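K.L.:
just the structure for this:
(3 chains)
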Amino acid sequence: MIIHHPILGPRDAQEFVYLGDASLIDRPDGMTAGVEVFHDYLYNRTNPAGEHQELWYHEQGDRSWLVVTRNTVTHEITKVELARDVARSRGRTK
Amino acid sequence: MRYSGFRVIAEALTGHKGWKPVWRDPDPQPEYDYIIIGGGGHGLATAYYLAKEFGQARIAVLEKGYLGGGNVGRNTTIIRSNYLLDGNEPFYEFSLKLWEGLEQDFNYNAMVSQRGIINLIHTDAQRDAATRRGNAMIMHGADARLLSRDEVRQMYPWLNFDNARFPIKGALMQPRGGTVRDDAVAWGYARGADQRGVDLIQNCEVTGMRIENGRIKGVETTRGYIGAKKVGVAVAGSSSKVMAHAGMRLPIESHVLQAFVSEGLKPLIDGVMTFGAGHFYVSQSDKGGLVFGGDIDGYNSYAQRGNLPVIEDVAEGGMALMPAIGRVRLLRTWGGIMDMSMDGSPIIDKTHVEGLYFNGGWCYGGFKATPASGWAFAHLLAKDESHITAKAYRFDRFLKGLMIDEKGQGAQPNLH
Amino acid sequence: MTQSHRIDGGQIDRTKTLRFTFDGLPYLGHPGDTLASALLANGVRLMGRSFKYHRPRGPISAGSEEPNAIVELRSGGRQEPNTRATVAELYDGLTANSQNRWPSLRFDAMGINDKLSTFFAAGFYYKTFMWPKSFWEKLYEPIIRRAAGLGSVTREEDPDEYDKGFLHCDLLIIGAGPTGLMAALTAGRAGKRVILADEDFRMGGRLNAETFTIGNDQGANWAAASVAELSSMPNVRLMTRTTVVGAFDHGIYSAVERVSDHLPAPAAGKPRQVLWRIYAGRAILAGGATERPIAFENNDRPGIMMAGALRAYANRWGVKVGERVAVFTNNDDGLRTAKDLQSKGVDVVAVIDSREGGELLPGIRHLQGAEVIDSSGKLGLSSITVRQTNGRSETISVNVLGVSGGWNPNVNIHSHHRSRPVYDPNIAAFVPGKDGPPGLLVAGSAAGQMSTHAALRTGRDVAIAALELNSAPDLPQAEDAPIRISPLWYVHHGKGRAWVDQQNDVTVKDVKLAKQENFTSVEHMKRYTTLGMATDQGKTSNVIGLAIMAELTGRSIPETGTTIYRPPYTPVAMGALAGRSRGREFKPFRLTPSHHWAKEQGAIFVEVGNWLRTQWVPKAGETEWRQSVDREVLATRKSVGICDVTTLGKIDIQGTDAGAFLDKVYANTFSTLAVGKCRYGLMLREDGIVFDDGTTARMGENEYVMTTTTANAVIVFRHLEFCRQCLWPEMDVQLISTTEAWAQFSVAGPNARNLLRKIVDQDISDAAFPYMGAGNITVGGLRARLFRISFSGELAYEIAVPTRYGDALLREMLAKGAEFDPILYGTEALGVMRIEKGHVAGGELNGQSPALNMGLGKMVSKKKDSIGMVLSQREGLTIEAGYRLVGVKPVDPKGKLTAGSHFLEKGAAPVAANDGGWLTSKVYSPHLGCDIALGYLKGGDRKIGQKMRIVNLLAGLDTEVEIISPHMFDPEGERLRG
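P.N.:
Got it, this is the predicted structure:
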């Protein structure tokens, strides 16, 4: 596969390490959320057959975490964003 | 119709005119007591044991494609019970014991062949882990041996002993491990289930579930609505898709695992072997092909095909271990979709919907589990309680922190 | 030795003669020959035996689809099983042997299987061999396994090298027949970067095998001229002997170039084969089509071949396969064979055309509406039986029969993304369907465009479409004959066996049996009969098989459907896929800064991930490893020892939020750590299990240096970047891995300070540099870092200098500190000392253990949010009587322990219900004079002082032990504060 890195252009997916669903960005706050909320965050997945937002890490590159929108049936990639931008847009701060 | 050597000879001498269809192709009835979604190994085994061992009737298996078209026909045929943890080992040992009597039980030669499996050891830490595991296996009634480097060398003198990046230091062996002809497992269970009145309905995809007041009523399918008192889902690879019909999100991701077979070769490898310093495991089929595999591709996929890096990675492992196979040719690759669970272990459990039961999360260990999975799932469906060897396979183990994590990788499915 | 069957013409170089042997007999051929063409030229047509029935077989094709003529090529470590004689290029000195026969190819004892074939019907083995139960493994299966397989594998290492390479292009063209050449000319002339790959050693495809004209020239000449033009273009790369074998995601294709297979051995420094990963903007599949047989009784004798292959052997290789030829066809293409062979002076005895009213060739007897229903001939064809429309049968004496059942487009690569081909009744074959690999277009006969004109036209037009070109080159004149086919899959007359899949011996009867037993899905049929699963992947058999099934079930061919071709297109050598990653080069070596010094001392090294670390350094006279390790431990505890700890992960963490960030990623608190101090850090995964540990130092207000374990260096850094970028993106914190940047040594022992005083420029007295102190220092003016931390329990420091000075620092320390008799100790001594101190490492950090089990539960702060804090509180991770880390020693000091042994109470049976836990790490402690171990024991914290057993059932070990505190040496820690 080829991932079009928003800064570095097209790169072979072999340069990246895959983590999983980009919902992992939405970590609850440990001081307010309990075990049940964390359990749902960490363990349960939508796992769609189709468009999937997922986290890839450019380990053999610039060490960016990316959010890649990829179809899990065709493997077509339609969008690649810096995970940091996505995290910020989802309201994550410090 | 009972199969036997005499029957084969008799039929051969009379032009094979007497062989009957191995299963019927019934139309679905309006309602069943049990619907099993998924006509793969686990679903067919479940139906077979429900009818045979638990005395149940009015059972249907719904298969979206052809029987045995999922991972039971796309795997590397290995059976073993060399697990470490208490939650797993009794279950897989139960499965291995069922394998040992399976062919006589369902009167079909699935070529269960216990030629042994060895897990090669390349570091002291691996030997320590193998010692822990081998002892756990024996304590659970399974068999295990720790082989020295010399013993491994006697078995396979042509492995890379003298010029290896990661030298072979020994192996953990399970002599009762081995291989089974995978398609035959599906066919044997299907035939056995059909003979006991189970309706095997092919080309019948479930498109929805009818749930009223928290209770399952039946399923919508491409061949119409079918009512059911109980519905068991055994569709590993597609679990999330099917359980979404019941509004469930699962602790599972779907990943592709590629598998490989070489051209047919005269005997080279007797048993099953796993490389401990790379992603490579191999056996040789009765037809002569080296059947081998490695790691999953690592990204979520429903595509039943993988990519080149993993193919190369597996070949590198193979060549590192077996430098003589450089001119052996890879004949065919294929991909199966794995239910990769959050701790690498399966789930056989009830759901929040009354009458709806789930069996999945097999990662790439599903094939060897087929008999026990079918038995345990039939037990759960028939008696509403977990089979004694499958008690740990609960959904709530993640909430309770009772993970069964053989590899110690945590909640990341692609690392299991 | 005479090339008895060589005729005029062809593209072989008759000025040179090549010698070769087959089954030990010598033959001659010419450059340009394949092994098959050369054997046929010598009158040899028996080349192999089939898989199941050991039927004598010769080639049916002249290409990579060949199911029968497969041989063992070469010898020794280069022995190459299952090689298709039809594509093996002849070279001087080639040796080949037939396979799957005993004692000889002409007399094969296993041919008895053929006589007993009625007992070996499809799937017979699923129905028998079940009684008595034990006989399967003891008797039946061993016999089957011995008989299985085709070629044999050498046990020697493959002496040749393989390489990998990467290529990029605008357009990859797969196949260099008329379609591919025209596409390449179109794109090449437009200046696009083109790769044109063909599996053959000569480009031109069927043009080399036909007598067609293109423009005013022979087709083969047009191909040669086109190749010449293309090779003059700098933007075009021509790759012969290169098979594109797989289509992967996003325009990535794999191709195998057989660089040296046409040579006796690779030239010096050259690989045997190269695996190319080709990144193509667009690709065109121009792979042509494959002729398929018609199944009839005994259709598998040597001499019965594809009609198009007979033309190829005559036109390209100047070979007549036999003297008396008949052709059996259901389409016009078969007539070409009769025409071409007749013009070459071969006696074409008859054309058996299953159609009525087809073309009649002058001078040849035509039997129209007729079918070949049987053949005879022991090791090769001697006659055929023909049934005419009127029902009369006739035996015709021929030794060659060309069969044409039509042509199947080579859709294979288009199916690699699981696109299902669709049936085109006009050509009675499957053509590429929807949803092929994005960016892959299909042209020419691969797309069902069967004439030469259509090949040229679609080659051009598809190239234009693929690259959105503006100008179209003119097309040369070429034949545009229609196919005119009347499907005939198998001949219904005849009671015997008619082969569908020749290699696997699948006959029409087997397909019928599959139908009878309700294996009617094409996938079931394939798996039950093994049709299409041989080394040719069913290139000549799949379509016939499913068409027969369609007929038997009364379904149409589209309703019946087809199986999908899977990669690779043709089988690929494992060596090519592995490239140079084999032997010692399987993975890269990472060497520590002390490696060269240690090697000079004769050190023993151990693989730790990709690192090679010093395991111990033997001294003269030491014969047992324990002697060395004990000495290293004792010397360190007595005076001073040095250990290379460069492999530990090192991460610089800087920014105004660095402390706050560490509070998130560590279970304990770091924001309160004073500048100039270190602290032990415990890192959890989000699931509350211990992930990693290490010491982290605060080097400045906004500057920390973290260390990780060697094993987790990479994944901890990845995790930290995840936390930084994805979870807390607004934190002002930067990370960089400095594992490779710093050489780091632990200097431990009572004289550690005394030694370092001679090295460092600063005051490192206990007052100036107390326990757990950290700071930037200099070593002879060179920037360095010093940490007063201890893994050994001794007074100890870790000193770091830029990596390139690591070797020099080590030598300096050993030289300047000579008075203290410093030693370099390896990982074994390191392990002994850390276990004596009860520090957790690999065996304990197993990814399955919460901090509580390690006795570190209190380190998990609940006053702040950190990764893993919440989920570490789940009931399964806080079991009161759960596993706890303990120390273990044998009651009898001579008692043996092994890591991985399990705890049992005294008198308890070794069964799971009594399993108390296991030993995680074990060493021999020279201080305690016995084996000692760490272990996880259920309720272990309450069992200190108790006696138990540890058992290792794999080794017959059963040792009485005492459970002790894991802190087995200097539990008060007086030494490290000294």
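
K.L.:
domains in chain C, by residue range?
P.N.:
C:18-129, C:162-289+C:409-467, C:293-405, C:496-555, C:594-647+C:741-833, C:649-737, C:879-978 (automatic domain parsing).

K.L.:
any chance of those domains in a markdown table, with mean neighbour count and distance to chain A too?
P.N.:
In this view, the C-beta of every residue, glycine as well, is placed from N, C-alpha and C. Shown next, in a markdown table, are those (neighbours: other Cβ atoms under 10 Å in any protein chain shown; distance: least, Cβ to the nearest Cβ, whole Å):
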| stretch | mean neighbour count | distance to chain A |
| --- | --- | --- |
| domain C:18-129 | 21 | 28 |
| domain C:162-289+C:409-467 | 22 | 4 |
| domain C:293-405 | 21 | 35 |
| domain C:496-555 | 24 | 20 |
| domain C:594-647+C:741-833 | 20 | 14 |
| domain C:649-737 | 21 | 4 |
| domain C:879-978 | 19 | 15 |
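
K.L.:
per-residue pLDDT of the residue in chain C that chain A sits nearest to, please?
P.N.:
Residue nearest to chain A within chain C: residue C:865 (3.4 Å; Cβ to the nearest Cβ). Residue C:865 carries a pLDDT value of 98.

K.L.:
which residue of chain C sits farthest from its center?
P.N.:
residue C:767 (59.3 Å; Cα atoms, centre = their mean).

K.L.:
okay, the domains of chain C in TSV with mean pLDDT next?
P.N.:
As requested, those are exported to TSV (pLDDT from 0 to 100):
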stretch	mean pLDDT
domain C:18-129	96
domain C:162-289+C:409-467	98
domain C:293-405	97
domain C:496-555	96
domain C:594-647+C:741-833	97
domain C:649-737	98
domain C:879-978	96
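
K.L.:
in CSV: these, plus distance to chain B.
P.N.:
Shown next, in CSV, are the domains of chain C (distance: least, Cβ to the nearest Cβ, whole Å):
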stretch, distance to chain B
domain C:18-129, 4
domain C:162-289+C:409-467, 5
domain C:293-405, 15
domain C:496-555, 4
domain C:594-647+C:741-833, 6
domain C:649-737, 5
domain C:879-978, 3
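
K.L.:
residues in contact with residue 76?
P.N.:
You didn't say which chain, so I picked chain A. A:70, C:438 (Cβ atoms under 8 Å, 6 or more residues apart in numbering or on different chains).

K.L.:
look at chain C instead
P.N.:
Contacts of residue C:76 by Cβ under 8 Å, 6+ apart are C:154, C:156, C:159.

K.L.:
point me to the residue of chain B nearest chain A.
P.N.:
residue B:240 (3.7 Å).

K.L.:
isn't that residue right up against residue A:47?
P.N.:
Yes. If you go by Cβ atoms under 8 Å, residue B:240 and residue A:47 touch, sitting 3.7 Å apart.

K.L.:
got any residues that touch both of these two?
P.N.:
B:249-250, B:252-254.

K.L.:
which of those residues count as buried?
P.N.:
Using 16 or more other Cβ atoms under 10 Å in any protein chain shown as the burial test, the shared contacts of residue B:240 and residue A:47 include B:250, B:252-254 as buried.

K.L.:
now intersect the residues you listed with the strands, please.
P.N.:
The strands, defined by DSSP state E, take in B:252-254 from those.

K.L.:
so which of the residues you listed reach chain A?
P.N.:
Residues of those in contact with chain A (Cβ under 8 Å from any Cβ of the partner chain): B:252-254.

K.L.:
need the residues you listed in JSON lines (columns: pLDDT and distance to residue B:281).
P.N.:
Converted to JSON lines, these look like this (pLDDT from 0 to 100; distance: Cβ to Cβ, whole Å):
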{"residue": "B:252", "pLDDT": "98", "distance to residue B:281": "23"}
{"residue": "B:253", "pLDDT": "98", "distance to residue B:281": "22"}
{"residue": "B:254", "pLDDT": "98", "distance to residue B:281": "22"}
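
K.L.:
for the residues you listed, give me CSV that also has distance to residue C:920.
P.N.:
What follows is these, written out as CSV (distance: Cβ to Cβ, whole Å):
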residue, distance to residue C:920
B:252, 31
B:253, 31
B:254, 35
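
K.L.:
around chain C, which positions in chain A sit nearby?
P.N.:
Counting by Cβ under 8 Å from any Cβ, the residues of chain A near chain C are A:1-2, A:12, A:17, A:19, A:24-25, A:27-31, A:33-35, A:38-39, A:42, A:55, A:57, A:59, A:63-65, A:74-77, A:82-84, A:86-88, A:92-94.

K.L.:
please, a PyMOL command that selects the buried ones among these?
P.N.:
The following PyMOL line selects those of the residues of chain A next to chain C that are buried, judged by 16+ other Cβ under 10 Å:
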select buried, chain A and resi 1+2+12+17+19+24+25+27+28+30+33+35+38+39+42+55+57+59+63+64+65+74+75+77+82+83+84+86+87+92
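
K.L.:
so where's the stretch 251-400 of chain B shaky on pLDDT?
P.N.:
Within the stretch 251-400 of chain B, not a single segment meets pLDDT under 70.

K.L.:
ranges for the helices of it?
P.N.:
B:308-321, B:366-383, B:397-400 (DSSP state H, counting those that start in this stretch).

K.L.:
next: chain A.
P.N.:
Secondary structure of chain A, counting by DSSP state H: helices at A:35-43, A:83-89.

K.L.:
need the contact partners of the shortest one.
P.N.:
Counting contacts by Cβ under 8 Å, 6+ apart, the residues outside helix A:83-89 that touch it are A:22, A:25, A:55, A:64-67, C:725-727, C:729-730.

K.L.:
ok, which residues in the stretch 151-300 of chain B are in contact with chain A?
P.N.:
B:238, B:240-241, B:249-254, B:298-300.
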